[in-house]
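Undergrad: Return a 3D structure for these sequence lines:
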Amino acid sequence: MSAPEVVVVGAGPAGSATAILMAERGWPVLLLDKAEFPRPKICGEYLSPEGARLLDRLGVLKDVDAAGAQPLRGMRIVAPDGTALEGSYPTTGPWRGYRDYGLAIPREVFDRILLERARGLPVEVRERHRVTGLLSEGARVTGVTGEDAEGRPFEARACLVIGADGRASAVARSLGLVRPHRLQRLALIQDVEGVAGFEGRGEIYVDPPDYSILNPVAPGLVNLSLVVPLAHARPYRGRMEAFFQARLKQLRHLAPRIAGMTPAGPLMVMGPLAYRVREPRAGGVLLVGDAAGFFDPFTGEGLFTALRSAEIAVEVGHAALARGDLSAGALAPYAAARRRAFRDKEWVTRGLQFVIRRRSLANRVARALAARPALLDALMGVIGDFVPPRELLRPGILRRSL
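TA: As a prediction, the model looks like this:
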């Protein structure tokens, strides 16, 4: 392989997608990751209906289906008072998803499929290569530094560095871009067995200040996540298993649902969940996926955002490489396009977070949605990434809802 024009840091979904799309456009790519694959990853393991379009674009949709990805046609949402919303992704009307259902799949399987697709292209993949810093010349990033599996230092120079290395992004942190978020929450996730009867839907149990999501990722296997205030978990540091089990029992409508469950994997803990990342001011660098920031997993936007931000970054990066101009100004259209792509859904997510943190409000909203199927359908389409969030304010939707 010739010297890389692009170095991608992180071989998860955002990084592998970036490498695939860059290589398809003819750019030599070096893809680095500190881990050895397959590796466990804390995640809700859900991909929205519109995510299938991105998988098809990447050439892996058939492989994901063949690997046993579970179709989900909607979500069952249970409010604190027991009001149950049977939300389905809309299959009629002006807005349709690429598919009529989302997908649930274990991350170890999903990441392996994407990484193997990247390996089949002009992409050099180096596992167990930890990036620790950046090379720069003036106001432009020109490469990365790090250590290989034996602890030996390495340098990799490139015209464009793309940070896809998640919440602990060495790229974003080397540039001093990461900022704390006032929403301080902790996620606890475990694969479990012995919970059945999903009927093609995931399930969400809202019981402020907590919520829990059940996601059937394979036959007989369920991804169980619990999101709690970080302050409530701090006193139990070192006793997270006990805290997890006790907290699950406090969710009144969830506890009987999981009474027969047994663990099928280790408990994984991550927090604080939300953090902010400023846009880079340097040239020669872009951030995709969780490396560019994260808010909260209630609407399951993580994997879609990873793949879609990779798609946007490659569009801008390819044009900049073709012009031979990797300055901050030449790469600035990425930040604007990313904001346009995700801003409206972020406002919806923030609104939902406001609701689910307040018990009486969550109950009132659930009862209102139960009485207004058109509004619930539109909301499910927004969560599914194929109905524009502004449709929730369209007069026809509001008239039918009210």
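
Undergrad: Going by C-alpha atoms from here, please, whenever you check contacts or count neighbours.
TA: OK.

Undergrad: Relative to Arg39, how far out is the nearest residue to Ala149 once chain neighbours are set aside?
TA: Leaving out its chain neighbours, the residue that sits closest to Ala149 by Cα to Cα, 6 or more residues apart in numbering is Arg128, at 5.1 Å. Distance, Arg128 to Arg39, using Cα to Cα, to the nearest Å: 11 Å.

Undergrad: which of those two has more neighbours?
TA: Ranked by neighbour count (other Cα atoms under 10 Å), Arg128 and Arg39 place Arg128 first, with 17 against 11.

Undergrad: Name all residues that make contact with that one.
TA: Leu32, Asp33, Lys34, Ala35, Glu36, Asp148, Ala149 (Cα atoms under 8 Å, 6 or more residues apart in numbering).

Undergrad: ok, now which ones touch the closest residue to Leu376 other than its chain neighbours?
TA: Excluding the flanking residues, the one nearest Leu376 by Cα to Cα, 6+ apart is Leu369, at 5.5 Å. By Cα under 8 Å, 6+ apart, the residues touching Leu369 are Leu85, Leu375, Leu376.

Undergrad: now, among these, which is nearest to Arg308?
TA: The nearest member of the contacts of Leu369 to Arg308, counting by Cα to Cα, is Leu376 at 24.7 Å.

Undergrad: Over to the closest one. Which of the three states is it?
TA: helix (DSSP: H, G, I helix; E, B strand; the rest coil).

Undergrad: The one 4 residues further on now?
TA: Following three-state DSSP, we place Met380 in the helix state.

Undergrad: so it makes contact with Pro90?
TA: Yes. Look at Met380 against Pro90 with Cα atoms under 8 Å: they come within range, at 7.3 Å.

Undergrad: which one of those two has more residues nearby?
TA: A count of neighbours by other Cα under 10 Å puts Pro90 above the other of Met380 and Pro90, at 25 against 21.

Undergrad: Isn't the more buried one up against Leu375?
TA: No. In this structure, Pro90 is not within contact of Leu375 by Cα under 8 Å, at 10.7 Å.

Undergrad: what's the pLDDT at the spatially most central residue of the chain?
TA: Most central in the chain under Cα atoms, centre = their mean is Gly302, positioned 1.3 Å from the mean C-alpha point. Predicted confidence (pLDDT) for Gly302: 88.

Undergrad: Next one: it from Leu251, what distance?
TA: Per Cα to Cα, Gly302 is found 25 Å from Leu251.

Undergrad: now do Leu30
TA: With distances taken as Cα to Cα, Leu30 is found 46 Å from Leu251.

Undergrad: again with Lys41
TA: Taking Cα to Cα as the measure, Lys41 falls 25 Å from Leu251.

Undergrad: More neighbours: these two, which one.
TA: Using other Cα under 10 Å, the more surrounded residue of Lys41 and Leu251 is Leu251, with 18 against 14.

Undergrad: wait, isn't the more buried one in contact with Ile213?
TA: No. Leu251 lies out of contact with Ile213 (Cα under 8 Å); the separation is 11.6 Å.

Undergrad: shared neighbours, the two?
TA: Taking Cα under 8 Å, 6+ apart as the contact criterion, the residues that touch both Leu251 and Ile213 are Tyr205.

Undergrad: longest helix in this protein, by residue count?
TA: helix 328-356 (DSSP state H).

Undergrad: can you list the weak-confidence ranges in the stretch 51-200 of the chain?
TA: Applying pLDDT under 70 to the stretch 51-200 of the chain flags no residue at all.

Undergrad: hey, where'd the helices end up in it?
TA: With DSSP state H, counting those that start in this stretch as the criterion, the stretch 51-200 of the chain has helices at 51-58, 61-66, 107-119, 170-174.

Undergrad: Find me whatever residue is spatially closest to Val218, sequence neighbours aside.
TA: I think there's a mix-up here, since residue 218 is Ala and not Val. Gln70 (6.2 Å).

Undergrad: how many other residues sit next to the one you found?
TA: Gln70: 22 neighbours (other Cα under 10 Å).

Undergrad: And Thr145, by the same measure?
TA: Using other Cα under 10 Å, Thr145 has 17 neighbouring residues.

Undergrad: Could you give the backbone dihedrals for Asn215?
TA: Backbone torsions of Asn215, given as degrees, to the nearest 10, read phi -130, psi 110.

Undergrad: The chain should start at 14 in everything you say after this.
TA: Right, with 14 as the first residue, what we last looked at is Asn228.
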